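[1] Have a look; sequence and predicted model below, questions after that.
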Amino acid sequence: MFGFSDETYIDVASGHGGAGCVSFRREKFIPKGGPDGGDGGKGGDVVFVVDSNLRTLASLKMRRVYKAENGQGGSGARCYGRAGLDVEIPVPPGTVIKDIDTGEVLKDLTGLSRFVFLKGGEGGQGNWHFRTATRQTPRFAQPGGEGEAMRVGVELLIIADIGFVGFPNAGKSSLLNLLTNARSKVADYPFTTKIPQLGMMRYGDQDLVLADIPGIIEGASEGHGMGIKFLRHIARTKVLAFFIDLTDENYLNSFGILSNELRSYAPDLLEKSRVLIGTKLDEPDAPKRLEELKQKFPDEHVVGMSIYMDDTIDAIKQVFMQLVAKKPAEGFTSVVDNDAHYLDESWMEDRK
């Protein structure tokens with residue numbers, strides 16, 4: 001069983017194109033049949049394939065090198081060489097390809113099913129193409145185009161409808177386990193959730209993906225606690241649910257601290273739709289504290305919850321459905337999308 005893997009690196013290479021062939025037609029009654037060298041085959045491409053059944057990048061840590069097949073050389077009788085086979089790299093939805101040295105985003109695969117990242121080299125032309133009235137026996141052919149190789153970083157950003165944000169032991173894992181088929185660890189000590197957890201919530205005939213992001217503490221953006229290692233997963237959620245522990249003496253300041261950590265990491269995260277959930281409503285003084293929370297943040301959507309009170313759980317479900325319905329799918333935080341680098345095909349101009 002592999003652990004959660006959300007970033008790694010791999011070496012990828014597209015195939016070289018096959019060389020064109022130098023050949024001349026030689027038949028019994030046609031001694032000077034002329035050039036008939038065929039073209040080389042195209043090199044294979046490097047293709048990323050988005051597989052919705054994958055949830056982590058664990059498979060890429062088991063295999064680091066992906067190389068497409070080279071194209072085969074041409075042959076006589078104007079026969080083309082076989083094209084090289086593509087190499088396909090399966091990745092989960094939400095994968096981003098980055099430059100390993102600069103961290104620059106080369107391609108965000110969100111919304112795609114396949115993406116040709118590196119194109120294989122073109123096959124070289126055989127000597128048949130270079131015959132002219134004054135050059136009837138060309139004894140040269142074109143070499144195949146070079147493929148391209150590079151090391152890239154591969155990063156997974158979880159795509160979810162609702163992202164749970166809160167201090168350790170605020171009740172995020174308990175609600176996730178209650179609403180979905182997730183089995184996140186629950187205990188009475190901090191940081192029981194060490195990796196992001198996903199679950200599917202069914203409400204009526206609709207499904208929502210919920211994500212529990214490991215507990216944030218004050219100073220997380222400066223590296224305290226688990227730091228910002230998992231904060232980047234919040235970028236792909238449509239709605240943020242802030243969990244406020246009503247038994248915590250600092251409950252009135254919790255939302256402000258959490259907001260500051262998110263703002264320090266990426267200010268636009270706070271532009272997402274959100275809801276404040278006061279948890280552990282069954283505890284003494286919790287209902288009173290919930291009202292105080294509502295009074296302090298009159299412009300926020302504040303609801304109370306206890307996993308032991310069914311009416312509050314149903315209200316949470318309705319709030320989640322309403323907020324997601326108001327937020328279109330394209331409302332993800334944008335990720336810079338630079339074009340991938342492809343093979344320079346300027347040498348192809350010679351064919352024209």
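    Noted; the coordinates are in hand. Numbers count the residues shown, from 1 in each chain.
[2] Run a quick neighbour tally on residue 309.
    13 (other CB atoms under 10 Å). For the C-beta atoms, the positions are set from N, CA and C on the backbone; glycine is no exception.
[3] scratch that, residue 11
    13.
[4] my guess is it meets residue 148, correct?
    No - applying CB atoms under 8 Å as the test, residue 11 and residue 148 come out as separate, 11.8 Å apart.
[5] how about the residue lying closest to residue 99 once chain neighbours are set aside, secondary structure?
    If the residues on either side of it in the chain are set aside, residue 99 comes closest to residue 106, at 5.9 Å by CB to CB, 6 or more residues apart in numbering. Counting by DSSP: H, G, I helix; E, B strand; the rest coil, the backbone at residue 106 sits in strand.
[6] what's the burial count for residue 106?
    Neighbourhood size, residue 106 [other CB under 10 Å]: 20.
[7] Quick check: the gap between it and residue 150.
    Using CB to CB, to the nearest Å, residue 106 is found at 9 Å from residue 150.
[8] residue contacts, residue 116?
    45, 46, 47 (CB atoms under 8 Å, 6 or more residues apart in numbering).
[9] Which ones among those map onto strands?
    46, 47 (DSSP state E).
[10] So which of the contacts of residue 116 wins on neighbours?
    Neighbour tally across these (other CB under 10 Å): the maximum, 28 neighbours, falls on residue 46.
[11] Quickly list what that residue is bridged to.
    Going by DSSP bridges, residue 46 is paired in beta bridges with residue 87, residue 118.
[12] Surely it touches residue 10?
    No - applying CB under 8 Å, one finds residue 46 not in contact with residue 10, separated by 9.9 Å.
[13] list residues touching both of these two?
    Shared contacts of residue 46 and residue 10 (CB under 8 Å, 6+ apart): 66, 89.
[14] What are the boundaries of the helices in the stretch 201-350 of the chain?
    Ranges of helices in the stretch 201-350 of the chain, per DSSP state H, counting those that start in this stretch, are 251-265, 286-296, 310-326.
[15] Which among those helices is found nearest to residue 211?
    helix 310-326 (12.1 Å; CB to CB).
[16] Residues contacting that closest one, please?
    So helix 310-326 is contacted by 161-162, 175, 178-179, 201, 203-204, 206, 208, 210, 238-239, 241, 273-275, 277, 281, 301, 303-307 (CB under 8 Å, 6+ apart).
[17] Which of these fall within strands?
    162, 201, 203, 206, 208, 210, 239, 241, 273-275, 277, 303-304.
[18] Sweet, I'm off.
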